[in-house]
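Peer 1: any chance you could fold what I've pasted below:
(2 chains, ligands or ions: 2)
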Amino acid sequence: MIRIRGGCIVDPANGVDGEVRDLWIQGGRIVAPPSPPVSEAEVLDAEGMVVLPGGVDLHSHVAGGKENMGRKLRPEDHREHVRPREGSLRSGSGFTVPSVFLSGYLYAEMGYTTVMEAASAPLFARHAQEELEDLPMVDKGLFITLGNNHFVLECLARGEEELLRNYVAWLLRATGAYAAKVVNPGGVENWKWGRNVSSLDEEVLSFGVTPRKILSGLAESVRKLGLPHPLHVHGINLGQARSAGTTVDTVKTLDGLGGHLCHLQFLSYEEAGEGSSLFRSAASRVATALEATTLSLDVGQIVFGGATTMTSDGPLEYALHRLTGAKWINDDVEGEGGGGVLPLSYDRRSRLSAEQWITGLELFLLLRDPWRLALTTDHPNGGPFFCYPQIMRLLMDRSYREEVIATLPPKVRSGALLPSLDREYSLSEIAVITRAAPARILGLRNKGHLGIGADADVALYDRVFTDGTPCRCAKYPSCRRALSRVRHLVKGGEVVIRDGKIVKEVSGRRLCVVPPFDESLEPRLRKQFSETYSVAFENYALEEGEFPHREVVPCSKT
Amino acid sequence: MTERTEHVTCTFCGCLCDDITVEHEDGRISSVSRACPNGRAHFLDYAPAPRLPRIRGEEASWEEALAEATRILNAARSPLLYGLSSASTEAIRKAVSLADRLGAFVDSTSSVCHGPTGLAMQAVGEPTCTLGEVRSRADLLLFWGCNPAASHPRHFARYSTTAKGRFVPEGRKGRTVIFVDVRLTPGARSADLFLRVDPGCDFEVLTTLRALVREKPLREQEGVCLGGVSLGVLRDVATRLKSCRYGVAFMGMGLTMTRGRDVNVAELFRLVAELNTYTRFSVIPMRGHGNVTGADQVLTWQSGFPFAVSYARGYPRYGPGEFTAVDLLRRGDADAALILASDPAAHFPSRAAARLASIPTVVLDPEESLTARGATVWLPTGKAGIDVPGSAYRMDGVPLRLRPFLAPRRPSDEEILGRLLEEVTP
Ligand code: SF4
Ligand SMILES: [Zn+2]
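Peer 2: Numbers count the residues shown, from 1 in each chain, chains lettered A, B, ... in the order given. Ligands and ions are numbered 1, 2, ... in the order given. Have a look, this model is predicted:
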């Protein structure tokens, strides 16, 4: 039993905001204070500290085929950023694309205990899972891409809804995945013939379906399967001046069906003016459309400095290559999708970068309900995940925000809404968008809060509070640093960081879903395999037991 | 009683054909179908013997051999871990962990085959695709400096020239096949077009081709080397490359191990990237060993770098030409070596091989290779995909599960490396 003594608890999911009391942990869970009090409990002195649930990152590219291509592509990213081996911990290297052990340590040191790998083609799921096994300290799950999958497109073209649902269930199980995702639905298939899609009603070449049909069909399947997380959507036209229009259309299409719109900052732009080649923020348009629905989003905020873009959106990476001339990786994946990798850096003097930065912050500040929003940088697309504390400060501290705004190009500043937004996030709201909301959006009932029965993932930060009351970050200049690094971290009921040092490496659990499916699917699957795949049907699915530390998260229908 | 196992994966080459049927009886493989001659030998020649390790040629118990291996690794000041590419991914993960713990150098056979391909990728990127995409879509195939008929015999039928796919239902008739090489290989003989390049002139030909693709005005000039290919022929090739629907280039050691090396490969990768202005084009390096791609992958996800890594300072550093095994040995830098599933004694240049013979070596290998025979400690291990489980990455990065179909009679590399990891002192 562990007793976290005298910390100031911020647990918005349970309506707790700055209450000084003890927290008790047993068997990996938060438990009620024992009565009579036990004396043999291990005590973690939390006096003067703020106690938050472990952070939950619902969209990050940390492990798998693309990530590793990014690492391999960029020795220049790693050379100056190394971490020596310490005791039984592993060494590592990398800045925007850190090696996998290093990524786990950095997440833990920031107080994060759950991370979702945001995209793998199902064919590469085994790779992602093997890497995730080497990602220490955090519980993890995998999203698989379905929006350009031939089987899906064919089911939709023929109106075979039940077959589609069955297939989605089978594929999630076969890959040990947690959630279903679409990336540029139809656009990646078209890219294999050198094209893309620019509206939701454009045709997917030789399949006779449209992006709209893919979105609604898959969102419906996911909903009917009762998966804990709704369809995870990376829409069309990402990074382009027309993206806000298609995002609003996507929001309307998904309304009622459910969906999570990821890194929405990258999809909330409009033309800067008639015929202009530049874009500007359309965050208010997008926020207004979202307010009318129950859909959730994560922001994908950019951070000024180096980044590595990696997405399953092949044509997007090619467009970036044409734009910047930077070294470019593309990977077309048979029957399923594709993707690419490209180094990029965001410069505050660049109008484009400045607009992107503004768009993200406007989304954060305009959307009134923090419970539908998660903080992400779409790591490493918008910047590395360890920059989250910098974003927290931008949200909490208006004067700091103004300082940064003042460094942006005057043309961008003068037209923007952002300088007029005076909202400041409270610490409790930060806890919502980094813990409670992402856990809720993911459907992880035991995460993101500190109520009885919750997973004992607890992050203790130093001195965020001055006098036992919730402190407004703006009044507390060292807050950004405080939230950058935990003093202590409890993961799954074990103290893994003590006084800022990792004292125990844990492997973390693999979160997955096992929706029911009907075997009648098999003949069609076999046909699909012989027509499309270069691997045998028999060798495709991950075997049960191939990966340890599995935890099945129930579907609402099972 | 004869048992049949279907959908077995052959790990002999980077094709990782996963459609092999194997018949076996009392732990012996009696027949293999669908594999190429290389693959048949891979299965049929497998004998799980000897069962026990050897220390300096003398049979020893596993405990004695592990103790001796531990002693060697602990005594070394700068040990080298080399090989990896015929081992399972799980074994490679353990091997890299061991290198990290020991502060060792770690390098894979990549450094003597496709190391330059990795350098080219790091310089200019790499537009690529999976082999199933080749089968489904490619209407133009360009083979440069590789001889799949010998090195990857089933490549043509399963993935490329003669395979039939969704958008190329006619198979071979629906594809234009171009070979570029210094000699006419069997595959080149059945190509639609064969370009014989003068040895060492690939870069010149590639550069010219790039210029032609971009429609730079060029004319034949006295004394200007075109590598033995006429401008007219190259014009024709450039036109074909630009006008196909989905092209794929395959490249091999004819580019990586001849004059220019990574510069040759980078030029091809640039050409492929630029062709995407006109059509879709990808490139797939013809990786040799069954899991050499997995060796790159694991080293990259654990250290950040694909090969030629030094952990000597306690963190990973990358040094092709410096921490590559041949260069280390040539300089006399490694004072002990652990060799995992490869045969450098047979394949390294003589100075490097001589150095290797003069230092204590621990060898994990199912077969009694030349390196195993000369080892201080030879630990004969099981073979992933035959009698121990594991996974491997195909040349296009597709990971496959290797399921054993024979009962294990020797420990796996993974188990042995796991033991060493516990025993060595960091
Ligand atoms: S082509 Fe390669 S993988 Fe396929 S059977 Fe032959 S040796 Fe084995
Ligand atoms: Zn993403």
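
Peer 1: only C-alpha atoms for contact and neighbour calcs from this point on.
Peer 2: Will do.

Peer 1: quick one: B:N74 and B:L421 touch, right?
Peer 2: No: the pair B:N74 / B:L421 is not scored as a contact, 11.1 Å apart, by CA atoms under 8 Å.

Peer 1: so for those two, which residues contact both of them?
Peer 2: Taking CA atoms under 8 Å, 6 or more residues apart in numbering or on different chains as the criterion, B:N74 and B:L421 do not both touch any residue.

Peer 1: list the contacts for the residue of the stretch 251-400 of chain B found nearest ligand 1?
Peer 2: Nearest residue of the stretch 251-400 of chain B to ligand 1: B:G290, at 7.1 Å (CA to the nearest ligand atom). Residues near B:G290 by CA under 8 Å, 6+ apart: B:C10, B:T11, B:F12, B:C13, B:G14, B:C15, B:L16, B:S85, B:S86, B:A392, B:Y393, B:R394.

Peer 1: how far away is it from A:P33?
Peer 2: Between B:G290 and A:P33 the computed distance is 56 Å (CA to CA, to the nearest Å).

Peer 1: tell me the buried residues in the worst-scoring helix or strand of chain B on mean pLDDT?
Peer 2: Ranked by mean pLDDT, DSSP states H and E, the helix or strand of chain B with the weakest confidence is helix B:186-189, at a mean of 93. For helix B:186-189, burial by neighbour count (16 or more other CA atoms under 10 Å in any protein chain shown) applies to B:G187, B:A188.

Peer 1: what helix or strand is residue 71 on?
Peer 2: In the absence of a named chain, this looks at chain A. helix A:65-73 (DSSP states H and E).

Peer 1: oops, chain B please
Peer 2: Using DSSP H and E, B:R71 sits in helix B:62-75.

Peer 1: the inter-axis angle of the very next helix or strand once past that helix versus helix B:62-75?
Peer 2: Counting by DSSP H and E, the next helix or strand C-terminal to helix B:62-75 is strand B:79-83. Between strand B:79-83 and helix B:62-75, the angle comes out at 120 degrees (axes from the mean of the first three to the mean of the last three CA atoms, to 10 degrees).

Peer 1: CA atoms of the following helix or strand past strand B:79-83 as PDB?
Peer 2: Using DSSP H and E, the helix or strand that follows strand B:79-83 towards the C-terminus is helix B:89-102. C-alpha atoms of helix B:89-102 as PDB (Å, rounded to 0.1, in the frame of the first residue of the first chain):
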ATOM      1  CA  THR B  89      14.000  -9.700 -34.400                       C
ATOM      2  CA  GLU B  90      13.700 -10.800 -30.800                       C
ATOM      3  CA  ALA B  91      17.300 -11.900 -30.800                       C
ATOM      4  CA  ILE B  92      18.400  -8.700 -32.400                       C
ATOM      5  CA  ARG B  93      16.600  -6.700 -29.700                       C
ATOM      6  CA  LYS B  94      18.500  -8.600 -27.100                       C
ATOM      7  CA  ALA B  95      21.800  -8.200 -29.000                       C
ATOM      8  CA  VAL B  96      21.500  -4.400 -29.100                       C
ATOM      9  CA  SER B  97      20.600  -4.400 -25.400                       C
ATOM     10  CA  LEU B  98      23.700  -6.300 -24.700                       C
ATOM     11  CA  ALA B  99      25.800  -3.900 -26.800                       C
ATOM     12  CA  ASP B 100      24.300  -1.000 -24.900                       C
ATOM     13  CA  ARG B 101      25.100  -2.600 -21.600                       C
ATOM     14  CA  LEU B 102      28.600  -3.500 -22.600                       C
END
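
Peer 1: helix B:89-102 to strand B:79-83, inter-axis angle?
Peer 2: 170 degrees.

Peer 1: show me where chain A dips below the pLDDT cut-off.
Peer 2: For chain A, applying pLDDT under 70 flags the ranges A:463-481, A:557-558.

Peer 1: so how far is chain A from the residue of the stretch 251-400 of chain B closest to ligand 1?
Peer 2: Taking CA to the nearest CA, to the nearest Å as the measure, B:G290 falls 15 Å from chain A.

Peer 1: and that residue, how far is that from A:N68?
Peer 2: Taken as CA to CA, the span from B:G290 to A:N68 is 19 Å.

Peer 1: put the alpha carbons of stretch A:184-192 into CSV.
Peer 2: The C-alpha trace of stretch A:184-192 is given here as CSV (Å, rounded to 0.1, in the frame of the first residue of the first chain):
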residue,chain,number,x,y,z
ASN,A,184,-7.3,11.4,-45.9
PRO,A,185,-10.1,9.0,-46.9
GLY,A,186,-9.8,8.1,-50.5
GLY,A,187,-7.0,10.6,-51.1
VAL,A,188,-4.2,8.1,-50.4
GLU,A,189,-5.7,5.5,-52.8
ASN,A,190,-5.9,8.2,-55.4
TRP,A,191,-2.3,9.3,-54.7
LYS,A,192,-1.2,5.9,-55.9
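
Peer 1: now for A:N148, how many residues are close by?
Peer 2: 26 (other CA atoms under 10 Å in any protein chain shown).

Peer 1: is it true that it touches A:K192?
Peer 2: No: contact criterion CA under 8 Å: A:N148 and A:K192 do not qualify, at 10.7 Å.

Peer 1: quick one on the thing from earlier: and the helix holding B:R71, which residues are buried?
Peer 2: B:W62, B:A65, B:L66, B:A67, B:E68, B:A69, B:T70, B:I72, B:L73, B:N74.

Peer 1: quick one: contacts for A:D332?
Peer 2: With CA under 8 Å, 6+ apart, A:D332 has these contacts: A:K192, A:G314, A:G338, A:G339, B:T128, B:C129, B:T130, B:E133.

Peer 1: just list the residues touching the last one, thanks.
Peer 2: Contacts for B:E133 (CA under 8 Å, 6+ apart) come out as A:D332, A:V333, A:E334, A:G335.
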